Structure formats: structure tokens, C-alpha cells
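Visitor: Predicted model and sequence below, questions to follow.
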Amino acid sequence: MDSSEFRRRGKEMVDYIADYLEGIEGRPVYPDVEPGYLRPLIPATAPQEPDAYEDIIRDIEKIIMPGVTHWHSPYFFAYFPTASSYPAMLADMLCGAIGCIGFSWAASPACTELETVMMDWLGKMLELPEAFLAGRAGEGGGVIQGSASEATLVALLAARTKVTRQLQAASPELTQAAIMEKLVAYTSDQAHCSVERAGLIGGVKLKTIPSDGNYSMRASALQKALEQDKAAGLIPFFVVVTLGTTSCCSFDNLLEVGPICNLEGVWLHIDAAYAGSAFICPEFRYLLNGVEFADSFNFNPHKWLLVNFDCSAMCFIHWQIPLGRRFRSLKMWFVFRMYGVRGLQAYIRKHVALSHEFESLVRQDPRFEICTEVVLGLVCFRLKGSNQLNETLLQRINSAKKIHLVPCHLRDKFVLRFAVCSRTVESIHVQLAWEHIRELASSVLRAEKE
């Protein structure tokens, strides 16, 4: 493909993408395929001679699209949002064209410097303490990770290295192995599974702290675990606070937990993967109060800030797993400039308003119950009754393929999650989704009676 054909095909692809997104509402939100559907549809080996571009494009609709879950459909209410916007797509195209490997300043000065500036823009939007900003002196700052999972692992490894060096400096006879077997990390029982995975990869014990009635980690429970472990000769070194849990968007009590971590000399990492974007709105910034106690802070603009995946902002300078890196800050630069802070705030507020609209609809039906406080864009709800009843309802919902939901477990309850996700979702989509859920619930309840 030469530059002339690239121009032509590139314009065709932009048209295809625009048509896809404009027509996404008409596609089934969840694919009607079985595991392994794709392998029989493509050759077992790569072609010896080049295929025609037209054949590849035809196979997109024939082979790929039938197996796509359409995350940007206005009827997608599962998991959490994954950000998408036209400015970010254009920036991604340019990132791919420049194709630099930004492993050092000299390797691509613009790649290095724009990332530091964009992280500062983000930090100021979130009103983070100066210690988290690079500024001109470069005292603080951050890097763009691929995901919150990577950020948690990076923070844990950094904390492990820090405490090991401190202990060996005080007692040179201590071996790394002797220290490692005593290290303990802590997180809420509502934390994402990636925290557990970080502990496994990092080779340290991880203890879960029981959450309270609001699914929040509190200081008293953490303090009790710290005291027990220190009395047993163990070494507490790392705590993960979650702001906006995956299951129900609950918030650990940062203002309580933060001072304890500082007093005990324990590294405090904040995982705000989903909720962090909302903190750019003044009315939600209180949820981040206590960030000044943290050693590292992470959230995903690629979830709710219109910056396409992957873009996970970690305020903790110079720590990352890969040496090479893509020019991901271009996406942030394009999006922040073309939307402005006020445009991004309006986007967040729209989603929150739609979630409260759905909550109101649920509360009007006495057959249902709301399971947790609705703070941002997630509503946890269920039919009053058994877990089996709710499992059946969810199965009916996803089998119909008009909307897509996923569940969670809150204590012993099977709960349905309704997350406002799509950039294009409107009130009418929320209302249609609720009517669909109500109709299916009626049929499930009738079947149970019969």
C-alpha cells in the first residue's frame, strides 16, 4: 500500500467508522455466537500471497462484527464505561503514524514532555496537591500506564523495594528473602481482583479487610489487622484504598485510613479507576479528600473521560513496567482541548443524572430494590426475592440481547448492575431499557408462581 492508496483507504475507513458509530444503536448489543465461532471462518494459516484489501474489509462485517460486543451502544449498561470520542480516535491515528518508542527524552522529546504536561493538566483538574505535579522543577508528576491493574502492581513493587531498602539499611544482616516472607499488604474485601493479582506477582501476603455496611474499608478494621500482624512479627507495608469499587462503586474511607498509613509508615495507593474522572466536577471532589496522605494515585481517563483505551493515569513519577511507550498523551491533549474542562464536566454530569433517573424508575416499582447508594453512574438493583430469581432475570435480559448487563455479589446477594456507559446514551435509552427489564421481570415472576 503506497501513500496514494493509503489516502483513499484511510478516507474509506473513517467513513466506515463514522457509519458504524452512527448506526451502532441498530446492532444487537451482545453477539449471538458461541465460543470458538471464529476459527472455522478463517484459514488455518496465513496467506502465502497478499489478499485484496476489499476482501479484508468485507470480512469485517462477515467475520468480525458478528462476534463484537458493542461497548459503545447506548444499550450497553455492563461493566463500566470505556471512553470513546472522535478527537481521541484522530489522535490515535497520529500516534500510530508517528510510531515513536518513547523510552527516553532523546528517543522522542515531544512524547516525553507532553506526557508530563498532560499529567499536570489532569492533576490540576482534580485539584491534587502540588506534590503530585511535575511543574517546571519536576519534583512530582506521573506516567500513563496501560491499566489500573498495572498501576497497582507498579505501586506494590515500589513499596516492596522501599521497605526492603529501609529495613536492610537499619539491619544489614537481613536478607531480602527474610524480609519478603514477612511483608503484608492490605485492601478492602470489595477491591478489584487485580489487587490480589498484584500481591501474587509481587510474592507478598495480601489480607482483605472486612468492609462496613456501606461496603467501605474503615480505619478501625484496618488498625486491628495491622496490630495483629505486627504482634505476630509480620511487616505491614502496603495498603490499597479503592474509590469507586467495581462491584457497587463504594468508597473506602480515605480520610480515616490515610492518617493511619502515614503514622505506620505504610505505603498508601489509591485505586480510583472508574470514579477518578468524576473528581474533575467540584460537587464530586469531596470523594477524593485525603489524597494528600497517598504515596500513589491512579485512575483511568480511558473509562470515563473520553480518552480511548489505553490511558491509565498514575501520579507517581518514573515507575512503569515497559521501557518503550506509545505517544498516548496525544489523545489527552486532543480531548482536553476539544472538549474543555467544562465539556468534560458536562459529560460526567449527564451520566450521573441518567443513573439517578434509572434509580428513580426502579424505586417506583415495588417488586425491585436498590442495593447501594447511587453516587455516580452505577445503579445496583435486584428483584426482591431469591438469588435464583435474579439470576434467571439476568439470563433473560442478556439472552434477549436488547441491552447488556452484568452482575455482582454483595455479601450473599446476587445483584444486577446498571452502569451508564455510552457517550451517546440518552434518557430515552434508559427508559426503554427499564421497560424491557420490567417486562422480563413480569414473565420471570409469572413463571415462578406457576
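Guide: That came through fine. Numbers count the residues shown, from 1 in each chain.

Visitor: C-alpha from now on. contacts and neighbour counts both.
Guide: Noted.

Visitor: Touching, Met338 and Ser85? I think so.
Guide: No: here Met338 does not reach Ser85: they are 10.3 Å apart, not a contact under CA atoms under 8 Å.

Visitor: Strands of the chain, residue ranges please.
Guide: 143-145, 183-188, 205-209, 235-242, 267-271, 296-299, 312-315, 368-370, 378-383, 406-410, 413-419 (DSSP state E).

Visitor: Could you export the ones you listed as CSV, including mean pLDDT, distance to Cys95 and mean neighbour count?
Guide: Shown next, in CSV, are those (pLDDT from 0 to 100; distance: least, CA to CA, whole Å; neighbours: other CA atoms under 10 Å):
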stretch, mean pLDDT, distance to Cys95, mean neighbour count
strand 143-145, 83, 14, 26
strand 183-188, 96, 36, 23
strand 205-209, 95, 38, 18
strand 235-242, 96, 32, 24
strand 267-271, 95, 27, 27
strand 296-299, 92, 22, 27
strand 312-315, 82, 17, 28
strand 368-370, 97, 43, 18
strand 378-383, 97, 32, 25
strand 406-410, 95, 33, 16
strand 413-419, 97, 30, 23
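
Visitor: Mind putting those strands into CSV with distance to Pro74?
Guide: Shown next, in CSV, are those (distance: least, CA to CA, whole Å):
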stretch, distance to Pro74
strand 143-145, 28
strand 183-188, 32
strand 205-209, 36
strand 235-242, 28
strand 267-271, 27
strand 296-299, 24
strand 312-315, 24
strand 368-370, 22
strand 378-383, 15
strand 406-410, 15
strand 413-419, 11
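
Visitor: Which of those sits closest to Lys124?
Guide: The closest of those to Lys124 is strand 312-315. By CA to CA, the value is 11.7 Å.

Visitor: just checking, what packs against the closest one?
Guide: strand 143-145, helix 148-170, strand 296-299, helix 301-304 (3 or more CA pairs under 8 Å, 6 or more residues apart in numbering; DSSP states H and E).

Visitor: Try it again at 7 Å.
Guide: When contacts are defined as 3 or more CA pairs under 7 Å, 6 or more residues apart in numbering; DSSP states H and E, strand 312-315 packs onto strand 143-145, strand 296-299, helix 301-304.

Visitor: could you dump those to a markdown table with distance to Cys311?
Guide: Converted to a markdown table, the helices and strands packed on strand 312-315 look like this (distance: least, CA to CA, whole Å):
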| stretch | distance to Cys311 |
| --- | --- |
| strand 143-145 | 6 |
| strand 296-299 | 9 |
| helix 301-304 | 5 |
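
Visitor: Among those, which comes closest to Leu226?
Guide: Closest among the helices and strands packed on strand 312-315, using CA to CA: strand 296-299, at 20.3 Å.

Visitor: So which elements touch the closest one?
Guide: Secondary structure elements in contact with strand 296-299, counted by 3+ CA pairs under 7 Å, 6+ apart, are helix 148-170, strand 267-271, strand 312-315.

Visitor: Note down every partner strand of it and its orientation.
Guide: Here strand 296-299 has these sheet partners by DSSP bridges: strand 267-271 (parallel), strand 312-315 (antiparallel).

Visitor: Show me the shaky parts of the stretch 1-150 of the chain.
Guide: 137-139 (pLDDT under 70).

Visitor: Now do Thr69 against Pro87, distance only.
Guide: According to CA to CA, to the nearest Å, Thr69 stands 23 Å off from Pro87.

Visitor: Quick check: closest non-adjacent residue to Asn300.
Guide: Once flanking residues are discounted, Asn300 sits nearest to Ser312: 4.3 Å by CA to CA, 6 or more residues apart in numbering.

Visitor: isn't that neighbour right next to Gly146, touching?
Guide: Yes: between Ser312 and Gly146 there is a contact under CA atoms under 7 Å: 5.5 Å.

Visitor: can you point me to the longest helix in this protein?
Guide: Of all segments of type helix in the chain, defined using DSSP state H, the longest is helix 329-363.

Visitor: Check the offset of that helix from the chain's centre.
Guide: With CA atoms, centre = their mean, to the nearest Å as the basis, helix 329-363 stands 15 Å off its chain's centre.

Visitor: Please, where are all the helices along the chain?
Guide: 3-22, 53-59, 86-98, 109-125, 148-170, 176-180, 193-202, 219-231, 254-264, 301-304, 329-363, 387-400, 427-449.

Visitor: what would those look like in a markdown table with mean neighbour count and distance to Asp295?
Guide: Listed next are those as a markdown table, based on neighbours: other CA atoms under 10 Å; distance: least, CA to CA, whole Å:
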| stretch | mean neighbour count | distance to Asp295 |
| --- | --- | --- |
| helix 3-22 | 12 | 40 |
| helix 53-59 | 11 | 48 |
| helix 86-98 | 17 | 30 |
| helix 109-125 | 19 | 14 |
| helix 148-170 | 19 | 9 |
| helix 176-180 | 14 | 21 |
| helix 193-202 | 17 | 16 |
| helix 219-231 | 15 | 18 |
| helix 254-264 | 18 | 9 |
| helix 301-304 | 26 | 20 |
| helix 329-363 | 19 | 23 |
| helix 387-400 | 17 | 40 |
| helix 427-449 | 15 | 39 |
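
Visitor: count of residues packed around Phe76?
Guide: The local packing of Phe76 (other CA atoms under 10 Å) involves 29 other residues.

Visitor: Nearest spatial neighbour of Ala273, chain-adjacent residues omitted?
Guide: Phe299 (3.9 Å).

Visitor: isn't Ala134 right up against Gly141?
Guide: Yes: counting by CA under 7 Å, Gly141 is a contact partner of Ala134 at 4.1 Å.

Visitor: what's stretch 295-311 in contact with?
Guide: Defining contact as CA atoms under 7 Å, 6 or more residues apart in numbering, one finds that stretch 295-311 is touched by 80-85, 88, 144-148, 151, 155, 267-274, 276-277, 312-316, 328, 331-332, 335, 344.

Visitor: Sounds good, over and out.
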